[in-house]
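*Asks:* Using only what follows, build the 3D model:
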Amino acid sequence: KAQMGAAFLASQEKDGLCSGLTAFVDAYGSWISRMEEQVPFLSEQFSDQGNLHMQRCRAAETRMRVGIALLESSPEVLAAFRLANTALALQYSWRIDPDPPELVWRPFQLGFALLSLESIANPESPDRETMDLLWFPTGGGKTEAYLGLAAFTLVYRRIAHPGIESAGVTVLMRYTLRLLTLDQLGRAATLICALELERQ
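*Replies:* Numbering: from 1, shown residues only. Predicted structure coming up:
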């Protein structure tokens, strides 16, 4: 579980980091294989949908592996990933809780980050045509998942395009409920403060 922590991911050497992430995706791949074995036993009315789900799972696994390969090959992506995790860990430590816990990534959050890295870093990525939807209960960690990607995007843009080229709108956030807007604004603003401390 420690290997899922933001502070851990921020501080690991490249080989250890990529090895741990590969083991994580390998476990996901093994789960997919077990589920694929169950599809033939579904009733006929569900078999097509079962196969479609497995195809999508394999596509997600492939994208995660591409993200890990990018961490291995691109110093800029690796630096942005580490700094984003550093900022998220710092922001999480500022919670009102008198003994704030460490930010530990849940599997869906880490998987979402890995499968998104390449499409953020590569303007020519075909996955930029894909809309990924996080569907998870309230309090499940969706906000941290997208804030992690926002942090990565902001840092990567600064690293890859120093100077005036990194200026402009990088992330758009839109909310439908006023109460949710205030909560999300506070969390996003705190993340920006943490990123600014890292920049300094």
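*Asks:* Need the distance between the two termini of stretch 35-47.
*Replies:* In stretch 35-47, first residue to last residue: 12 Å (CA to CA, to the nearest Å).
*Asks:* what does that stretch contact?
*Replies:* 50, 51, 53, 54, 57 (CB atoms under 8 Å, 6 or more residues apart in numbering). Quick note: C-beta positions are derived from backbone N, CA and C, even for glycine.
*Asks:* what kind of secondary structure is the first one in?
*Replies:* Spelled out, it's residue 50. helix (DSSP: H, G, I helix; E, B strand; the rest coil).
*Asks:* Please tell me how far the residue lying closest to it once chain neighbours are set aside sits from residue 108.
*Replies:* Excluding the flanking residues, the one nearest residue 50 by CB to CB, 6 or more residues apart in numbering is residue 39, at 4.2 Å. Using CB to CB, to the nearest Å, one gets 22 Å for the distance from residue 39 to residue 108.
*Asks:* just the helices in the chain please.
*Replies:* For the chain, the helices defined by DSSP state H cover 6-11, 14-38, 44-73, 75-93, 107-121, 142-160, 178-199.
*Asks:* What angle do helix 14-38 and the third one make with each other?
*Replies:* Going back to what we said before, that points to helix 44-73. Here helix 44-73 points in a direction 170 degrees away from that of helix 14-38 (axes from the mean of the first three to the mean of the last three CA atoms, to 10 degrees).
*Asks:* How far away from the center of its chain is helix 44-73?
*Replies:* 16 Å (CA atoms, centre = their mean, to the nearest Å).
*Asks:* now swap in the first one and tell me
*Replies:* Taking the mean of its C-alpha atoms, helix 6-11 sits 13 Å from the chain's own mean (CA atoms, centre = their mean).
*Asks:* ok, now the last one?
*Replies:* Taking the mean C-alpha point of helix 178-199 and that of its whole chain, the gap between them comes to 17 Å (CA atoms, centre = their mean).
*Asks:* ok, and the closest non-adjacent residue to residue 127?
*Replies:* residue 119 (3.9 Å).
*Asks:* ok, that neighbour - how many residues close by?
*Replies:* 19 (other CB atoms under 10 Å).
*Asks:* show me what contacts it?
*Replies:* Per CB under 8 Å, 6+ apart, neighbours of residue 119: 63, 125, 127, 128, 130.
*Asks:* Buried residues in stretch 192-199, which are they?
*Replies:* 192, 194, 195, 198 (16 or more other CB atoms under 10 Å).
*Asks:* Kindly report the same for stretch 25-34.
*Replies:* Buried residues in stretch 25-34, defined by neighbour count with 16+ other CB under 10 Å: 25, 28, 29, 32.
*Asks:* And the residues you listed, which is closest to residue 68?
*Replies:* residue 25 (6.8 Å; CB to CB).
*Asks:* From residue 28, how far out is the nearest residue to the closest one once chain neighbours are set aside?
*Replies:* Nearest residue to residue 25 in three dimensions, chain neighbours excluded: residue 64, at 4.8 Å (CB to CB, 6+ apart). For residue 64, the distance to residue 28 (CB to CB) stands at 7 Å.
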